[in-house]
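Colleague: Mind looking at a prediction? Sequence and model below.
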Amino acid sequence: MSPLKKARKPQGWRHQFDLAYSEGRFADAAAIFASAGATSRSDILLRAARAYMHADPAAALSLLLKLRVPTGASPQQIERDALLTEAFARTRDFESADERLTVALRSATELEDRDLLAFVGYRGVRRYLLAEDPAKAREYLKYTRAGKTPEAALYSSYSEAIILGYEERVREQAQRLLELLRSLDPNSTAFMEVRAWSTHTLAGLARELYLPDAVSELDRQLSGYPWSKDFSPNRFQTLRSLAWAKALQGDYFNAFRHLKAASESASTDAWRAVAACDRASLARYFDEHRWSRVELDEAEQLAGRVEWHATRAEERMGLLSLAELFSTIDTARSAMYLARYRELGDMKSPLYYGHDARREAYEKYSTGVIEIALGNAKRGLSQLRDARAVFERFGYDFRVARCLIAEFRLTNDRNALPLIEEKLRNYPRSWLVKEFREISGPLSVALPPMQKRVFEELCRGKTTAEISSLLGRSQYTVSNHIKAIFKTFGVKSRSALLAEAVRRGYIRHDGEGPSTQL
């Protein structure tokens, strides 16, 4: 018997509803509530409204307006008004949202209930972020911080993390999200919305910024209790972003594994086409060109089944990815996909903030590469430079390096090489280093003077004690220098350091023994 049929039994539907809600299956909870018929119990109606807030904000608003609660300042009245604040804001009726927010704040203050005040403050933050006003949203953080319970503290931290994203303070946002996720049990169904959004957002930041501490936490969250289908878009984006974060560190095996898992969790053919394009790109970077073409063919087949005019947001990037992939092997097909992408018009994105410049920068990078391949060098170069300016603002180093490499292939401006080298300092094992070597030769490493001297002696086969005696430093100090050198080169042993130094061209054999080329 299906859950909905069970839900029609008076003795069972509330249990099924509560279970679905607690597991973050908001759409299921809403359907169970609807199948059970109307009820006058305000606690059930309030929970149903919360469920509908995720699945259907207009339905949540309708439920809340029908709900009758005691007049005056009461917990249920305050909760209702706070939820109405968000429901009105989600339906773009900000005037009504403000009326409810004022009443809820006044009532919570009158009751001197700090946890209710925190609940109202959180909905106030949501209201102003829906209106894309982070400065006003920040004013409501003082209310979210009033709560005494762990739940109130969690939502306060969550609120600030969201605001930091709107304020483009991405490194601070990443740190706050990492702290928040470490406090959550991935094997629990509690706070599923917070966990899914925070994991998804941190993964996106770990892809763009060098955040090694975040990767292990993301793996921990993904290995826990399965996310409900309500959060499948968040899981899909988390897996994609984590895949690229690992690829940038040279972990291609797990990068492909995560991209395969992303395809399995994708809810539409458009998203599956995007994931196939990702795999085709990664295989190409890894010099697996036959494998790349197999993945590209799959992406085309999936794209052929999609009604692109009916897609939303980043799903449409599948067409742009196809155009970019074909730009080096079939310019006619590349031009066709670019034209189809442009026919769709402006993109409204639920994955980025309303006026997030990053979305446009990703688009401009891809179209810049495509335009250059199609012979429109001036237009393509302009788009690459526009994209690079945005990536610089956010501190997205590897994106800046990608833009500069593409620009260098066109301009041959060697003044760009030191900046590319600097931007790739945290990605020594990525495919981008290989691309950079193709245009500039081996990537140099700028070691501090003392580390350089230690490195030279290591290359000559000296022990820690011998280096200590030679340089007049303690063995403890020399050991710390060696650890720093290992980290710079991305190795864990002396033999691996020597092999990497030879591979990069820092050591030559000239008959007199090894000598460094730093």
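Modeller: Arrived safely, thanks for sending.
Colleague: and this protein, what are its domains?
Modeller: 357-440, 449-516 (automatic domain parsing).
Colleague: Could you check the pLDDT of the residue most central in space within the chain?
Modeller: Residue closest to the mean C-alpha point of the chain, counted by C-alpha atoms, centre = their mean, is G204 at 1.5 Å. Looking at G204, its pLDDT stands at 96.
Colleague: That one touches S241, doesn't it?
Modeller: Yes - G204 lies in contact with S241 (C-beta atoms under 8 Å); the separation is 4.8 Å. All C-beta spots, glycine's among them, are computed from the backbone N, C-alpha and C.
Colleague: Mind putting the domains of the chain into a markdown table with distance to E23?
Modeller: As requested, these are exported to a markdown table (distance: least, C-beta to C-beta, whole Å):
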| stretch | distance to E23 |
| --- | --- |
| domain 357-440 | 32 |
| domain 449-516 | 41 |
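Colleague: which one of those has the lowest average pLDDT?
Modeller: Within these, confidence is poorest for domain 449-516, with a mean of 80 (mean pLDDT).
Colleague: picking up where we left off before, return the most buried member of the domains of the chain.
Modeller: Neighbour counts (mean count of other C-beta atoms under 10 Å) averaged over each of the domains of the chain peak at domain 357-440, with a mean of 18.
Colleague: Between the two ends of it, how far is it?
Modeller: 31 Å (C-alpha to C-alpha, to the nearest Å).
Colleague: Give me the helices and strands touching whichever strand or helix holds L384, please.
Modeller: Using DSSP states H and E, L384 sits in helix 377-394. When contacts are defined as 3 or more C-beta pairs under 8 Å, 6 or more residues apart in numbering; DSSP states H and E, helix 377-394 sits against helix 357-373, helix 397-411.
Colleague: Redo those as a markdown table? Include distance to L84.
Modeller: Output for these, formatted as a markdown table (distance: least, C-beta to C-beta, whole Å):
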| stretch | distance to L84 |
| --- | --- |
| helix 357-373 | 31 |
| helix 397-411 | 41 |
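Colleague: Go through those and name the closest to A161.
Modeller: A161 lies closest to helix 357-373 among those, at 16.8 Å (C-beta to C-beta).
Colleague: Quick one: work out the angle between that closest one and helix 397-411.
Modeller: Angle between the axes of helix 357-373 and helix 397-411 is 20 degrees (criterion: axes from the mean of the first three to the mean of the last three C-alpha atoms, to 10 degrees).
Colleague: For helix 357-373, name the packing helices and strands.
Modeller: The contact analysis (3+ C-beta pairs under 8 Å, 6+ apart) places helix 357-373 against helix 317-326, helix 331-343, helix 377-394, helix 397-411.
Colleague: ok, and what's touching the third one?
Modeller: Contacts of helix 377-394 with the rest of the structure, by C-beta atoms under 8 Å, 6 or more residues apart in numbering, involve 168, 170, 208, 357-358, 360-362, 364-365, 367-374, 399-400, 403-404, 406-407, 410-411.
Colleague: and if you look at the shortest one?
Modeller: With C-beta under 8 Å, 6+ apart as the contact definition, helix 317-326 has outside contacts at 270-271, 273-274, 277-278, 280-281, 284, 296, 299-300, 303, 306, 308, 333-338, 340-341, 344, 362-363, 366-367, 369-370.
Colleague: Need the buried ones from the residues you listed selected in PyMOL.
Modeller: Selection of buried members from those for PyMOL, criterion 16 or more other C-beta atoms under 10 Å:
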select buried, resi 270+271+273+274+277+278+280+281+284+296+299+300+303+306+308+334+335+337+338+340+341+362+363+366+367+369+370
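Colleague: Quick check: L164 vs F231, distance?
Modeller: 22 Å (C-beta to C-beta, to the nearest Å).
Colleague: Show me which of these two is the more surrounded one.
Modeller: F231 (23 against 20; other C-beta atoms under 10 Å).
Colleague: Please list all residues in contact with the residue lying closest to that one once chain neighbours are set aside.
Modeller: Excluding the flanking residues, the one nearest F231 by C-beta to C-beta, 6 or more residues apart in numbering is A196, at 4.0 Å. Neighbouring residues of A196 by C-beta under 8 Å, 6+ apart: 24, 227, 231, 234-235.
Colleague: go on, L180?
Modeller: Counting by C-beta under 8 Å, 6+ apart, L180 makes contact with 154, 157-158, 161, 194, 198.
Colleague: now swap in S74 and tell me
Modeller: By C-beta under 8 Å, 6+ apart, the contact list for S74 reads 107, 111.
Colleague: give me phi/psi at it?
Modeller: Main-chain dihedrals, S74, degrees, to the nearest 10: phi -140, psi 150.
Colleague: give me the element A283 is part of.
Modeller: Element membership for A283, per DSSP H and E: helix 269-285.
Colleague: List of residues touching the helix or strand following that helix?
Modeller: Where DSSP H and E defines the elements, the next helix or strand beyond helix 269-285 is helix 289-303. Applying C-beta under 8 Å, 6+ apart, the external contacts of helix 289-303 come out as 269-270, 272-273, 276-277, 279-281, 283-284, 318-319, 321-322, 325-326.
Colleague: Show me where this protein has its strands.
Modeller: Along the chain, the stretches classed as strands by DSSP state E are 507-509, 514-516.
Colleague: Do me a favour and average the pLDDT over the helix holding A283.
Modeller: For helix 269-285, the mean pLDDT works out to 96.
Colleague: what's the offset of that helix from the middle of its chain?
Modeller: The chain centre lies 17 Å from the centre of helix 269-285; the measure is C-alpha atoms, centre = their mean, to the nearest Å.
Colleague: and that helix with helix 289-303, angle?
Modeller: Using the same axes, to 10 degrees: helix 269-285 against helix 289-303 is 170 degrees.
Colleague: helices and strands around helix 269-285, which ones?
Modeller: Secondary-structure packing of helix 269-285 (3+ C-beta pairs under 8 Å, 6+ apart): helix 232-248, helix 252-265, helix 289-303, helix 317-326.
Colleague: Just the C-alpha atoms of the longest one, please, in CSV.
Modeller: Going back to what we said before, that points to helix 232-248. This file holds the C-alpha atoms of helix 232-248, laid out as CSV (Å, rounded to 0.1, in the frame of the first residue of the first chain):
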residue,chain,number,x,y,z
SER,A,232,18.3,16.2,-5.5
PRO,A,233,19.4,19.5,-7.2
ASN,A,234,21.6,20.3,-4.2
ARG,A,235,23.1,16.8,-4.2
PHE,A,236,23.8,17.0,-8.0
GLN,A,237,25.5,20.3,-7.7
THR,A,238,27.5,19.2,-4.6
LEU,A,239,28.8,16.1,-6.5
ARG,A,240,29.7,18.2,-9.6
SER,A,241,31.6,20.8,-7.6
LEU,A,242,33.4,18.3,-5.4
ALA,A,243,34.5,16.4,-8.6
TRP,A,244,36.1,19.6,-10.0
ALA,A,245,37.7,20.4,-6.6
LYS,A,246,39.4,17.0,-6.6
ALA,A,247,40.3,17.2,-10.3
LEU,A,248,42.1,20.5,-9.6
